[in-house]
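J.: sequence first, then the predicted structure:
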Amino acid sequence: MNILLLGSGGREHAMAAKIAESKLCNKLFIAPGNAGTTQCGTNIDLKLDNFNQIGKFVIDNNIHMVVVGPEAPLVAGIADYFAQKPELKNIMLIGPSAKGAQLEGSKDFAKLFMQRHGIPTAAYRTFTRDTLKEGQAYLATLQPPYVLKADGLAAGKGVLILDNLKEAKHELQLMLKEAKFGDASSRVVIEQFLSGIELSVFVLTDGKHYKILPSAKDYKRIGEGDTGLNTGGMGSISPVPFADKAFMQKVEHRIVIPTIKGLQKEDIPYKGFIFLGLMAVTAEDGTLDPYVIEYNVRMGDPETESVFPRIKSDIVELFTATWNGNLHQVSLDIDERTAACVMLTAEGYPEKYRKGDVISGLDKVDNSLIFHAGTKTGLSGNIVTNGGRVLCVTTLGSTLPTALLGSLQNAEKIQWKGRYYRHDIGQDLLKRILG
Ligand code: AMP
Ligand code: GLY
């Protein structure tokens, strides 16, 4: 079949590579893609917010399946757009309806959903411009640190964690009254701070059945030792060693099953990925309990770059079953090895950074996978930087140290002016394993 994948990051390159491997895939198009995705299919310049243009491309090119990488088109209703058009409604679109995408598009919706279905999450309250004073009074009843979250999509920047009450009250005012995060902060969720270790768990669902994909941990801060500004993600490890069988059973029974049953009960069509952003909190008996920090309605980036290489099953077969509602009839086989992904970024990222630097050394990489994120093919055919997160190196190893070593050795071979990467990805997990 012919497949269109929407998106342009490292996540999409990792997905494109897996789709291109499928015996069921005839032609693969990636819109808009990057220099790396051209190795898997044909890049095509479509605007992800222009559903008419996407629909026309699908018809004109006899596309059978559309896989949506990022959240924005889902929150904007691309699945509903396809469902409403007679000529598009039978296209297998992998991604939830706009209603389902509210799990990511509105923190308030997500919190209410979790409350309705008894899913463990931090205690919270939601405030608006009219209830600023109540919000400030509520903050005064909590212990620091204070967690403030813009309700809507804020490009990963809408969460503030503050140690000081005065500052928290002031920031709440800026969010509600002065639109610090634009419309996204016209409502603000204030929630209890959860202390623990974060991890991501991914689920593919047809709305009734589900497959739990491997867990992963990402590294959000720019600096080694988890310091400095937040980024889109500087690396990832899959699986997460502490997410053992007992923990994953809690995730399945306390979170995955109630989430999917909740979607069904509320008649929310959902065929796609659910990304559970979890906090593993130590319980009184010393075991780890999972709490939902956030839902996303897509795969994570850079988690996909360590999770997807571990999927041994045919991903297009899984997507087809997702569309057809018979996901329980296909198997999901996972490579037991550990995947370590190290992201290479442009000088200055996540603040102002340069684009257009020529990348060298890609041909020297061995025994690792390269997934491009912010790259493009320059005028002379060179591959040049075209974003803050430029590309990542993923290595599969029989142990975490061997996977890490492979990625670090190969990362060193790839050069451009000012390229940066963290050398300590996965070290926290290694320390936990070693005690
Ligand atoms: P979110 O966009 O909701 O994932 O939040 C961004 C980051 O803020 C998360 O990845 C966590 O590191 C942190 N965070 C969010 N909510 C909480 C919470 N209730 N307790 C502790 N940390 C949190
Ligand atoms: N890695 C976190 C995200 O994709 O949102």
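T.: Alright, I've got the coordinates. Residues are numbered from 1 along each chain as shown. Ligands and ions are numbered 1, 2, ... in the order given.
J.: in the helix or strand hosting T402, what counts as buried?
T.: Element membership for T402 (DSSP states H and E) is helix 400-413. Across helix 400-413, burial judged by 16 or more other Cβ atoms under 10 Å covers L400, A403, L404, G406, S407, L408, N410, A411. In this view, the C-beta of every residue, glycine as well, is placed from N, C-alpha and C.
J.: could you measure from the residue of the stretch 201-350 of the chain found nearest ligand 2 over to I59?
T.: Nearest residue of the stretch 201-350 of the chain to ligand 2 (Cβ to the nearest ligand atom) works out as G300 at 3.6 Å. From G300 across to I59, the span is 31 Å (Cβ to Cβ, to the nearest Å).
J.: then A373?
T.: In terms of Cβ to Cβ, A373 sits 30 Å off from I59.
J.: got it, and P309?
T.: Going from P309 to I59 by Cβ to Cβ gives 33 Å.
J.: among these two, which residue is more densely surrounded?
T.: Neighbours per residue (other Cβ atoms under 10 Å) separate P309 from I59, with P309 holding more: 23 against 12.
J.: what about that one, which SS state?
T.: Recorded secondary structure, P309: helix (DSSP: H, G, I helix; E, B strand; the rest coil).
J.: wait, doesn't it sit right on S368?
T.: No - counting by Cβ atoms under 8 Å, P309 does not reach S368; the two are 10.0 Å apart.
J.: which residues are common contacts for the two?
T.: T394 (Cβ atoms under 8 Å, 6 or more residues apart in numbering).
J.: dihedrals phi and psi, the closest residue in space to H328 that isn't next to it in sequence?
T.: Ranked by Cβ to Cβ, 6 or more residues apart in numbering and with sequence neighbours excluded, the top spatial neighbour of H328 is H209, at 4.1 Å. Backbone torsions for H209, taken as degrees, to the nearest 10, come to phi -100, psi 160.
J.: so who does H209 touch?
T.: Shown in contact with H209 (Cβ under 8 Å, 6+ apart): G325, N326, L327, H328.
J.: what is the neighbour count of the first one?
T.: The one in question is G325. By other Cβ under 10 Å, the residues close to G325 number 13.
J.: list the contacts for it?
T.: Contacts of G325 (Cβ under 8 Å, 6+ apart): D206, G207, K208, H209.
J.: what is the nearest of these to N43?
T.: D206 (29.2 Å; Cβ to Cβ).
J.: re earlier: put together a markdown table for the buried residues of helix 400-413, with pLDDT on each row.
T.: Shown next, in a markdown table, are those (pLDDT from 0 to 100):
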| residue | pLDDT |
| --- | --- |
| L400 | 97 |
| A403 | 98 |
| L404 | 98 |
| G406 | 98 |
| S407 | 98 |
| L408 | 98 |
| N410 | 98 |
| A411 | 98 |
